[in-house]
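Model the following, please.
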Amino acid sequence: MIITPTEHDAPNESSDPTELLIKEARQKARRRRLVVGTILLAVVVIIAAVLIFVGRGPVATVKTQGSGTSGAVGTGLTSGSVVNLAGVSTITASGSHAWVTIDYTAYKGDRAELKKNRYEVVELNTSSGALERVIKNKAGDLIWPQITAVNGPNLWVGTNNSVTELNARNGSLVRVIYAKSDKLTGLAPLTVSNGRVWIAGYADHTGSVTELNASNGSLVRVINAKADGLNGPQAIVASGSHVFVLNALGDSVTELNASNGSLVRVINARAGCCAPRSGTFESAEPIALAVNGSSLWVTDQHAPANGGDANNFLVELNASNGSLVRTISAKADHLTDPDDIEVSGGHVWVEDDDYLTELNAINGSLVRVIKVNKDRFDDFTGFAVSGSRVLALNTYSGNDGAIKVLNANNGKLVRVIK
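Numbers count the residues shown, from 1 in each chain. The predicted structure is shown next:
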């Protein structure tokens, strides 16, 4: 008997090698399409999640200490709390970073609560306003921090009768310099240039300049000859082969040779600086100075002997020979109480009470006057210029502090850090 196989019992036609290859190719193609589809779906999901996250707005700032970083405060006209800025004292900026000294003493009645004192250096990102780190006083390395200067990888902080060197990249302590031979008494400002740290200090109405080796902190020399005219140094800047010291009590500028510390000249009223051009005045008090290329800028304040308003102006000197270039005192410039000064990007910035005056560094013409103190900010205490940003220190409601970030190109407010 012959039995005819049914359809299900029929022999497997794929037993042909060619047919097997075709079938295997089709299966591989289906698997490839499945894998590609899965990958595309995952990409779509990730993109959607990112868009939703960005749409929620800026990430809240994360406070950090040590070497960590934090999220951005925000962009545009925003403000964010990054750290307690009570007791802000001075600010220094370099590149995309700024360092703020905190010198805060807590009081209970008329008595200082020493255990609550805060001596710190706060590092911020100037582009975003984010907190980078808080460097706290440890073992007396940051007692009463007042002045900072950054040079390459190092941050120098002038404290009470000492200089502290920090690593600018991670905030770690490098060394504290306070040897008696360094004569760091009544520490005033400092500057760093060409591998040297120059510190101006004074005590009992005298003055001196201490020069240190920036690589190891060793003493190079102390300059305090009577002929140098160092009397109550208020500011110090270095440029190329010369160092300029502003003598608040001596009404003059002392220029030193940076290579050997020798006196180059003393610039005073006879050179058109640090004294009124006419009239009888009781006191002349130069406040700040800055150097930029061939120009030395000095803010000057003068009080008439017979009372009345002080005569205030900005003096531009030739940095090469100390001669007078011009004095700027137009009413529109708003130089009623000139204090701190910086030169950056072809512009001269002068802190003046509640205002910030911007001048053209080439011809001294007025660019703009910015009223810094608004919205219950009580005191404009200092500023720094970093690229396209101006960082203005403010205090309000007692010792509370904040930083107003301004656009250096148009003077408009970018953000408030507080």
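
what comes into contact with the helix or strand hosting Val100?
According to DSSP states H and E, Val100 maps onto strand 97-104. Strand 97-104 has contacts (CB atoms under 8 Å, 6 or more residues apart in numbering) with 85-93, 117-126, 132, 144-148, 150, 155, 157, 168, 384, 386, 391, 393, 399, 403. Using the backbone N, CA and C atoms, a C-beta is placed for each residue, glycine as well.

which ones among those are found in helices?
Among the contacts of strand 97-104, no member is found in helices (DSSP state H).

which of those residues are buried?
Buried subset of these (neighbour count, 16 or more other CB atoms under 10 Å): 85-93, 117-126, 132, 144-148, 150, 155, 157, 168, 384, 386, 391, 393, 399, 403.

Quick one: low-confidence residue ranges for the stretch 51-200 of the chain.
51-83, 106-115, 186-188 (pLDDT under 70).

And the strands in it?
78-80, 88-94, 97-104, 107-108, 111-112, 118-125, 131-136, 147-151, 154-159, 162-167, 173-177, 187-193, 196-201 (DSSP state E, counting those that start in this stretch).

Bridge partners for His347, pull those for me.
Going by DSSP bridges, His347 is paired in beta bridges with Ser344, Asn360.

Make 429 the first number, not 1, from now on.
All set: I'll call the first residue 429, so the last point we hit is now His775.

Provide a list of residues in contact with the residue lying closest to Val585 once chain neighbours are set aside.
In space, Val585 comes closest to Thr592 once its chain neighbours are excluded; the distance is 4.5 Å by CB to CB, 6 or more residues apart in numbering. Contact analysis of Thr592 by CB under 8 Å, 6+ apart lists Asp569, Leu570, Pro573, Trp584, Val585, Leu601, Arg603, Val604, Ile605.

Going along the chain, name the helices of the chain.
445-483.

Determine which of the strands of the stretch 479-628 of the chain approaches Lys799 most closely.
Distance to Lys799, taken as CB to CB, is lowest for strand 506-508 among those, at 18.0 Å.

which stretch among the strands of the stretch 479-628 of the chain comes nearest Val800?
It is, among those and with distance given as CB to CB, strand 516-522, at 13.2 Å.

Do a quick rundown of the strands in the stretch 679-828 of the chain.
Listed in chain order, the strands of the stretch 679-828 of the chain (DSSP E, counting those that start in this stretch) span 680-685, 691-695, 709-720, 723-732, 739-746, 752-756, 766-772, 775-780, 783-788, 794-799, 807-814, 817-824, 828-835.

For Ser748, which of the strands of the stretch 479-628 of the chain is the nearest?
Counting by CB to CB, Ser748 lies closest to strand 615-621 out of those; the figure is 16.8 Å.

what's the closest one packed up against?
Judged by 3 or more CB pairs under 8 Å, 6 or more residues apart in numbering; DSSP states H and E, the packing partners of strand 615-621 are strand 575-579, strand 582-587, strand 590-595, strand 624-629, strand 661-667.

and for that strand, what are the contacting residues?
574-575, 577-579, 582, 584, 586-591, 625-630, 642, 661-667, 671, 686.

picking that back up, out of the strands of the stretch 479-628 of the chain, nearest to Ser723?
Closest approach to Ser723 among these (CB to CB): strand 615-621, 16.7 Å.

Quick check: neighbours of the closest one in the sheet, parallel or antiparallel?
Using DSSP bridges, the strands paired with strand 615-621 are strand 624-629 (antiparallel).

How about residues contacting the partner strand?
577, 584, 586, 591, 611-620, 635-642, 645, 648, 658, 661-664, 666, 671, 673, 686.

Now, of those residues, which are buried?
Neighbour-count burial (16+ other CB under 10 Å) applied to these gives 577, 584, 586, 591, 611-612, 614-620, 635-640, 642, 645, 648, 658, 661-664, 666, 671, 673, 686.

and Glu639, what does it touch?
Neighbour list for Glu639: Arg624, Val625, Trp626, Leu647, Val648, Arg649, Val650, Ile651, Gly689 [criterion: CB under 8 Å, 6+ apart].
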